[in-house]
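Asks: The following comprises the amino acid sequence and a computationally predicted model.
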Amino acid sequence: MPRRQKKKDPESSGKPHGAGTPGQGDVATAAASRPMDAAHAAPVTNQLPTPTGRQAAPRVGRRSPGPTARPSGRYVSARPAGAFPLDFALDATLRAAAPEQRVRGRTTGPLRLRRPDLREKVRVRKQPSLVLFLVDASWSMVAAERIEAATGAVLALLTDAYLHRDRVGLVAFQGRAARLLLAPTSSVALARRRLADLQIGGKTPLPAALALARQVIERERRRHPSLKPMLVLLTDGVGNVSFMGQPPALETARLANTLRQDGVAAIVVDAEHPRSDRGYARALAEQLGAACVLLRQLTATELHVAVRRTLHQLALEAS
């Protein structure tokens with residue numbers, strides 16, 4: 001009978017280990033023993049960063065667009081191209097060149113372009129947004145209307161936050177102090193619980209409310225440097241409680257000017273009764289560099305529309 005041949009053991013053969021079909025360990029050993037060729041390097045995958053190198057993703061709203069030099073974002077307009085255009089705008093270039101074709105002697109054929117015709121795209125990308133309500137909860141003839149309108153507008157802004165990704169907060173001021181009733185959030189459920197605690201009565205500590213608003217905005221800006229904040233003040237503009245031991249009117253003016261210099265946009269909703277309006281809300285709006293809104297009916301819907309309109313205008317100005 002023919003003798004059966006034994007299978008050769010790789011360990012006993014003269015071939016080096018791994019000369020046959022390589023195993024997983026052999027591949028790893030071979031890869032470690034030779035330098036990696038850059039042309040054959042494996043592509044980098046989306047690996048999670050290490051805890052020490054991880055950067056928190058911005059969680060604030062992304063609704064307000066701002067200009068960006070990168071070729072990303074929504075194409076909104078065009079401008080004359082620089083020396084090295086990064087984002088060429090063909091449509092705008094053709095529109096700029098078309099009126100000059102007769103002067104350049106073109107009758108048929110392709111357009112004759114010149115360097116001054118070149119245009120590049122202006123794009124906007126979404127940036128974080130914060131809407132901070134300051135509600136005068138002191139006792140007056142329209143205090144209940146102010147509270148109802150502010151509460152409804154806050155909830156309306158948060159309800160469509162799924163699309164606009166706004167964060168909304170609310171500072172209520174009454175008696176001798178202001179308090180942050182609703183820290184900046186995008187949670188409708190949290191807002192409903194916190195706004196249920198809003199009380200009415202007492203004096204009007206307007207300077208304290210402006211000071212607290214500045215603290216809240218500064219804290220949010222440290223967390224999100226590209227934040228676009230906006231104040232919505234519902235008040236008659238009459239502060240009658242001192243915050244730093246000076247006349248309330250002087251403190252209000254100084255704090256309003258500081259917010260304006262900080263680049264904080266604002267809307268002042270004049271909540272005073274028309275028959276007793278003394279112009280304090282308009283004066284406050286001027287100090288803030290803000291628009292003063294006179295609503296025919298102080299309702300949540302009217303206030304929500306006014307805030308949205310102003311946010312849209314700010315977005316256009318930023319672009």
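Replies: Received, thanks.

Asks: from here on, contacts and neighbour counts on C-alpha atoms
Replies: Will do.

Asks: Could you give the average pLDDT over stretch 137-149?
Replies: Here stretch 137-149 scores 72 as its mean pLDDT.

Asks: I meant stretch 267-286, not that one.
Replies: Mean predicted lDDT for stretch 267-286 stands at 82.

Asks: end-to-end on it?
Replies: 10 Å (Cα to Cα, to the nearest Å).

Asks: likewise stretch 218-238?
Replies: 25 Å.

Asks: Just the buried residues of that stretch, please?
Replies: By 16 or more other Cα atoms under 10 Å, the buried positions in stretch 218-238 come out as 218, 220-221, 224, 227-238.

Asks: Could you find the lowest-pLDDT member of those?
Replies: Comparing the buried residues of stretch 218-238 by pLDDT, Leu227 comes last, at 79.

Asks: Could you pull up phi and psi at it?
Replies: phi -60, psi 140 (degrees, to the nearest 10).

Asks: Can you give me the distance of it to Arg221?
Replies: Distance, Leu227 to Arg221, by Cα to Cα: 6 Å.

Asks: can you list residues touching both of the two?
Replies: Shared contacts of Leu227 and Arg221, defined by Cα atoms under 8 Å, 6 or more residues apart in numbering, are absent.

Asks: so Val188 sits right up against Leu158, yeah?
Replies: Yes. Using Cα atoms under 8 Å, Val188 is in contact with Leu158, at 5.7 Å.

Asks: Neighbour count for the two, which is higher?
Replies: Leu158 (23 against 17; other Cα atoms under 10 Å).

Asks: What pLDDT does the model give the more buried one?
Replies: Looking at Leu158, its pLDDT reads 76.

Asks: So which elements touch the one helix or strand it maps to?
Replies: Assigned by DSSP states H and E, Leu158 belongs to helix 143-159. Judged by 3 or more Cα pairs under 8 Å, 6 or more residues apart in numbering; DSSP states H and E, the packing partners of helix 143-159 are strand 129-136, strand 167-174, helix 188-195, helix 300-318.
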